[in-house]
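Novice: Sequence and predicted structure, then a few things I'm wondering about:
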Amino acid sequence: MTAVGHPRPAEAERAEPRTIEIVGGPGRISAEGLREAWEYRETLRAFVMRQIKVRYKQALVGIGWAILQPIVAAGLFAVFLGRLAGVGSEGVPYLLFALAGMVVWTFFSGSVTTGSDSLVSQQTLLRKLYFPREILPLSSLGVGFLDLVAGLSVLVITAALFGVFPALPWIVLVAPFVPLTLFAAACALALSSVNVYYRDVRYTLPFLLQIGLFASPVVYSLSVVPESWRFLYASLNPVAGAIDGVRRIVLHGEWPDFAVLGVGTAWSLLLLVAAYALFKRLERGFADRV
Amino acid sequence: MSDALVFEGVSKHFRGPRAYLSLREDLTAAVLRRPRDRQAVIALDEIDLAIPEGQSFALIGANGAGKTTALKLASRIMYPTHGKVRVRGRVGALIEVGTGMHPELTGRENVDLYGRILGFSRADIQRRFEEIVAFADIGPALDQPVKQFSSGMQLRLGFALASHLEPDILLVDEAIAVGDAGFQYRCVERMSDLVREGRTLVFVSHNLSAMETLCDRAVLLDHGRVTEDGPARDVIRTYLHGVEAELMAEDGDESAIGSDELTIVRVSLLDEAERDVDEVPAGGKMTVRLHFRAARPIPRPMFEVGLSDGRKGPFALASMLIDGESPEKISGEGHVDCTFEYLPLFPRMLEIWGGVRGAAGFGDLVKWQRLRLFRVTGEIEAGPSAVSHSLANAPVRLPYRWQVTNSDGG
C-alpha cells in the first residue's frame, strides 16, 4: 500500500482497535457515547453541508426563502398589530421590533420543526448506515444557524435603514443564542426520538409552535409581562430571553440581562441532558421502528 | 489471535407488520388494560459465534434466515433483543451501498460527504480520493449530480468508498450482486486484497461461488439458528444438499401419470448392482426403470428418457424415435429399462424427464414431462469454486485436458 514510513492517524488507531459491545434494551448517556459523538463531528458537519448544498442547488433563490419568511411575517404583524391594534414596541418602529422577534423565532421554530422530523424523514439512512443518531436532529440546528445569520444580517440592515447603528453591546450578540440553541437542541432531540415511535408528534408540533409563537414576546414586548414574573418567564422560556436580549442589544444598544441568560442557560442545559437521556433511551429501537 | 466479532447468545425479534404505533392505540390499550397484539418475528435465535481477526467468513442461508440481520447488528444499525455483540476495530459495512448518497450532489461531493457519514476523516478521504475514483471508474460522471448516474454507477462509487477507507472489519451484503462483470471481478479482487492484508471479512451473498473462493469459514443459518459451522466449502455443500433434499422431498408424490391408454405408475432408479437408489456416482452406470400399465395392447410405443439440469430441454436423450428400438407391442403391466452405461457428469442434482409417443411418432401416450430428481455424487475437485461452480454450469463433464502456451515462457 502507499505512504510507507508515514505513521498516519488511521494506522495509529489500528494499532489498538477499540472493542465495543452492542447490547439491546434502553440505552443511557455514557462517556463512550459522548466521545464517539465527538469523533463523528465531521459527519455532523457533512450533514449540515449536505443540507445546505442541496438547498442551494434545488431552490433558485436558496437562502432567499430564509430571509423572506421573517420579513413577510414582520411586515404583516407591523400592519395588523402595530398599525391597526397599536401594540407597543418599546419605542422603536414596530416593523423593526417585530423583525427582531421573528428572526429569533424563525431560527427556533425552523430548527425544531426540521429537527423533530429528521429521523423519520431520513429513515433509509437509519436502516442502512451506522453513525451516532443524534447527528441527524443536531444537524437541523446547523442549517437553522445559516438561516439565522442571514436573518440577523437583514435585521442589521433594516435597523440601519431606520437609523439604528451598531453600539458596544453588539459584541455580545451571541449571548442570547446560547440558552436558545441549547433549548432548541433539547426540543429537537426529544421530539425526533418520540416521533419515531409516535407519528402524532408530526401533527401536534405545528399546533404547539403556534402556541409558542404567542407565548413568546415575538409580537409584543417582554415588558407586557408583570414585573414580578418577568425574570422567571424570560429565563424559563429561553425564546423570550433570547428575543429580549436581541432587542436590547440591536434595537436599544443596551447590554442584555445576563442574569436571565445565565439562568436560562442552566435551565436549558438541564432540559438538554434530560432530552438526550430520553433520546439515548429510545435510540436502539430506531431502526426497528422507523 | 483475538476475535474481531463475537456474538454471545444473540437474539433479534421484530415486531409484526406494523412497527410504529399511534399514540391513540397505546392509550386505548393502556386504558382498557388490554395487551396490544404484537406478533414477534424471530430473526435470530440465540446465536453464538466468534470470528477471529483476519478471517474471511461467509454467512449462508435461505432468504429470511437472518443473515442481513446479523450484519446489521454487527454494524450497530440495529441492536439485539437479547445477548451481546462484541466488535473489535473499525467496521466498514456495505449494506445496500449507495444509500446515503444524495441525488442532487455530484459524485465528487458525495465521495466527500458519504465518506464522512461512514465516519472517516476528511484527511482519510482526500488521501484515498484518486484511488477511490479510479476504482469506481465512473469517469466524467464524477462532476454530475448522482441522480444522473445509473444505479450501477452509484453502487460502484459506494463500494469503492467503503472498501478503500481501510476498515478493520468489512461487512458485505449482496453488494456485488449488481454491477457489470468487470466490476464484480474488481470487487472480489478488492475483497481478497483486504483479506490478504489481514482484515476481517464477513460476506453475505447468494453468489456461492464467490463465497467459496473468498472465505475460509462459513456458518449456515436456518431460521435464525446456526445449523452448521466449518470450512466454507463443506458448509456450502451442506447447504446445497439441504436445498436439493428439500426439492427431492417435494418431488415425492408418486401419482401415476399418463393417459387412458398408458400410464407410468412409478419411476425407479437402479445402480450397477440393480439396487433401488436415489443417487448414483459420477462416471457410474444408471438404469431408469419406467413401470407402466397399458389399458389395452399398444403396438410400437416410442419411449423417451432424457436428463436435464433444470434449464429448458434435456442435455442428454435416449429416444426410441431415434434408435428405433421400440418393442413390438406392450400390454398389461411391465417395465422399460433405459440404462446409461456411463455418466460423465458433475456431482449435482439432475432431473429425469420422459414421455411415450405412439407408433406413428406423434400423438402422446404419455406427455413429455419431468419424472423425478436424482443426484450424481462425486469427489470435490481441487479448484477454488469446485463445489458451487460445478452446480451452476454445464452438467456434462467430457474427458478433457488443458495446455497453456504463453510467449513469456509459460
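Specialist: Arrived safely, thanks for sending.
Novice: Residue B:109 contacts residue A:53, doesn't it?
Specialist: Yes: the pair residue B:109 / residue A:53 is scored as a contact, 6.7 Å apart, by CB atoms under 8 Å. Where you see a C-beta, it was placed from the backbone N, CA and C, and this is true even at glycine.
Novice: ok, these two, which is more surrounded?
Specialist: residue B:109 (22 against 17; other CB atoms under 10 Å in any protein chain shown).
Novice: Please see if whichever helix or strand the more buried one is part of touches chain A.
Specialist: Per DSSP states H and E: residue B:109 is located in helix B:107-117. Yes: applying CB under 8 Å from any CB of the partner chain, one finds helix B:107-117 touching chain A at B:109, B:112-113, B:116-117.
Novice: Next, the buried residues of the following helix or strand past that helix.
Specialist: Sequence order places helix B:122-136 as the next helix or strand after helix B:107-117, per DSSP H and E. Neighbour-count burial for helix B:122-136, counted by 16 or more other CB atoms under 10 Å in any protein chain shown, picks out B:124-125, B:127-129, B:132-133, B:135-136.
Novice: Quick one: neighbours of residue B:117, just the number.
Specialist: Using other CB under 10 Å: residue B:117 sits among 25 other residues.
Novice: Run through the residues that contact it.
Specialist: A:43, A:46-47, A:125, A:129, A:131, B:100 (CB atoms under 8 Å, 6 or more residues apart in numbering or on different chains).
Novice: Mind doing that once more with 7 Å?
Specialist: Applying CB atoms under 7 Å, 6 or more residues apart in numbering or on different chains, we find residue B:117 in contact with A:43, A:46, A:129, A:131, B:100.
Novice: For my notes, confirm residue A:233 occurs in a helix.
Specialist: Yes: assessed by DSSP: H, G, I helix; E, B strand; the rest coil, residue A:233 belongs to a helix.
Novice: For it, which non-adjacent residue is spatially closest?
Specialist: What sits nearest to residue A:233 in space, not counting adjacent residues and going by CB to CB, 6 or more residues apart in numbering or on different chains, is residue A:225, at 5.2 Å.
Novice: ok, which pair from the contacts of residue B:117 is furthest apart?
Specialist: Maximum pairwise distance among those (CB to CB): 12.1 Å, between A:46 and A:129.
Novice: one step back: need the buried residues of helix B:122-136 in JSON lines with pLDDT and distance to residue B:236, can you?
Specialist: Shown next, in JSON lines, are these (pLDDT from 0 to 100; distance: CB to CB, whole Å):
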{"residue": "B:124", "pLDDT": "82", "distance to residue B:236": "35"}
{"residue": "B:125", "pLDDT": "85", "distance to residue B:236": "37"}
{"residue": "B:127", "pLDDT": "87", "distance to residue B:236": "38"}
{"residue": "B:128", "pLDDT": "87", "distance to residue B:236": "33"}
{"residue": "B:129", "pLDDT": "88", "distance to residue B:236": "37"}
{"residue": "B:132", "pLDDT": "86", "distance to residue B:236": "32"}
{"residue": "B:133", "pLDDT": "86", "distance to residue B:236": "35"}
{"residue": "B:135", "pLDDT": "85", "distance to residue B:236": "28"}
{"residue": "B:136", "pLDDT": "83", "distance to residue B:236": "30"}
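Novice: circling back to that earlier point, the helix holding residue B:109 relative to helix B:122-136, how many degrees between them?
Specialist: When axes from the mean of the first three to the mean of the last three CA atoms, to 10 degrees is applied, the directions of helix B:107-117 and helix B:122-136 differ by 130 degrees.
Novice: which residues in the stretch 151-290 of chain A form helices?
Specialist: A:177-197, A:200-215, A:227-236, A:238-246, A:258-283, A:286-289 (DSSP state H, counting those that start in this stretch).
Novice: Show me what the last one is packed against.
Specialist: If contacts are counted by 3 or more CB pairs under 7 Å, 6 or more residues apart in numbering or on different chains; DSSP states H and E, helix A:286-289 sits against helix A:123-128, helix A:177-197.
Novice: So which of those helices is nearest chain B?
Specialist: helix A:123-128 (4.2 Å; CB to the nearest CB).
Novice: do that closest one and chain B meet?
Specialist: Yes: judged by CB under 7 Å from any CB of the partner chain, helix A:123-128 comes into contact with chain B at A:124-125, A:127-128.
Novice: ok, of these, which come out buried?
Specialist: Counted by 16+ other CB under 10 Å, those give A:125, A:127-128 as buried.
Novice: Pass me the low-pLDDT residue ranges in the chain, would you?
Specialist: Looking at chain A here, since you left the chain open. Along chain A, segments meeting pLDDT under 70 span A:1-16, A:57-63.
Novice: Actually, chain B is the one I wanted.
Specialist: B:1, B:16-25, B:29, B:33-39, B:97-100, B:175-179, B:252-254, B:409-410.
Novice: Just confirm residue B:376 is within a strand.
Specialist: Yes: applying three-state DSSP, one finds residue B:376 inside a strand.
Novice: dump the residue contacts of it.
Specialist: By CB under 7 Å, 6+ apart, the neighbours of residue B:376 are B:280, B:282, B:343, B:345-348, B:350.
Novice: In those residues, find the pair that's most separated.
Specialist: Every pair of the contacts of residue B:376 checked by CB to CB; the farthest is B:280 and B:346, at 12.8 Å.
Novice: Looking at the two, which one has more neighbours?
Specialist: residue B:280 (23 against 19).
Novice: surely the more buried one meets residue B:286?
Specialist: Yes: with contacts counted by CB atoms under 7 Å, residue B:280 reaches residue B:286, the gap being 4.6 Å.
Novice: so what's in contact with the two at the same time?
Specialist: Common neighbours of residue B:280 and residue B:286 (CB under 7 Å, 6+ apart) are B:271, B:343.
Novice: Can you report how many residues lie near residue 169?
Specialist: Reading this off chain A. By other CB under 10 Å, neighbour count at residue A:169 equals 17.
Novice: wrong one, chain B
Specialist: Residue B:169: 24 neighbours (other CB under 10 Å).
Novice: Who wins on neighbours among the contacts of residue B:376?
Specialist: Compared across the contacts of residue B:376, residue B:345 has the highest neighbour count, 25 neighbours, by other CB under 10 Å.
Novice: which residues touch it?
Specialist: Neighbour list for residue B:345: B:282, B:376, B:395-397 [criterion: CB under 7 Å, 6+ apart].
Novice: Most tightly packed of the helices of the stretch 151-290 of chain A?
Specialist: Counting by mean count of other CB atoms under 10 Å in any protein chain shown, helix A:238-246 has the highest mean neighbour count of those, with a mean of 28.
Novice: hang on, the earlier thing: can the residues of helix B:107-117 next to chain A go into CSV with extra columns for distance to residue A:167?
Specialist: Output for these, formatted as CSV (distance: CB to CB, whole Å):
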residue, distance to residue A:167
B:109, 42
B:112, 42
B:113, 41
B:116, 41
B:117, 43
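Novice: Which one of these is nearest to residue B:274?
Specialist: The closest of those to residue B:274 turns out to be residue B:117 (CB to CB; 66.7 Å).
Novice: Let me see the backbone angles for residue B:323.
Specialist: Reported as degrees, to the nearest 10, the phi and psi values for residue B:323 are phi -90, psi -10.
Novice: returning to what we had before: can you say which of the helices of the stretch 151-290 of chain A is nearest to residue A:73?
Specialist: Nearest of the helices of the stretch 151-290 of chain A to residue A:73, taken as CB to CB: helix A:200-215 at 9.4 Å.
Novice: Just want the angle from that closest one to helix A:177-197.
Specialist: 150 degrees.
Novice: could I get helix A:200-215 in PDB with only the CA atoms?
Specialist: Below are the C-alpha coordinates for helix A:200-215, written out as PDB (Å, rounded to 0.1, in the frame of the first residue of the first chain):
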ATOM      1  CA  ASP A 200     -48.500  12.100  16.300                       C
ATOM      2  CA  VAL A 201     -45.600  14.400  17.000                       C
ATOM      3  CA  ARG A 202     -45.500  15.500  13.400                       C
ATOM      4  CA  TYR A 203     -49.100  16.600  13.600                       C
ATOM      5  CA  THR A 204     -49.100  18.100  17.000                       C
ATOM      6  CA  LEU A 205     -45.900  20.200  16.600                       C
ATOM      7  CA  PRO A 206     -47.300  22.900  14.300                       C
ATOM      8  CA  PHE A 207     -50.100  23.500  16.800                       C
ATOM      9  CA  LEU A 208     -47.600  23.700  19.700                       C
ATOM     10  CA  LEU A 209     -45.400  26.100  17.800                       C
ATOM     11  CA  GLN A 210     -48.400  28.300  17.100                       C
ATOM     12  CA  ILE A 211     -49.000  28.500  20.800                       C
ATOM     13  CA  GLY A 212     -45.300  29.000  21.400                       C
ATOM     14  CA  LEU A 213     -45.300  32.000  19.000                       C
ATOM     15  CA  PHE A 214     -47.800  33.800  21.100                       C
ATOM     16  CA  ALA A 215     -46.400  32.500  24.400                       C
END
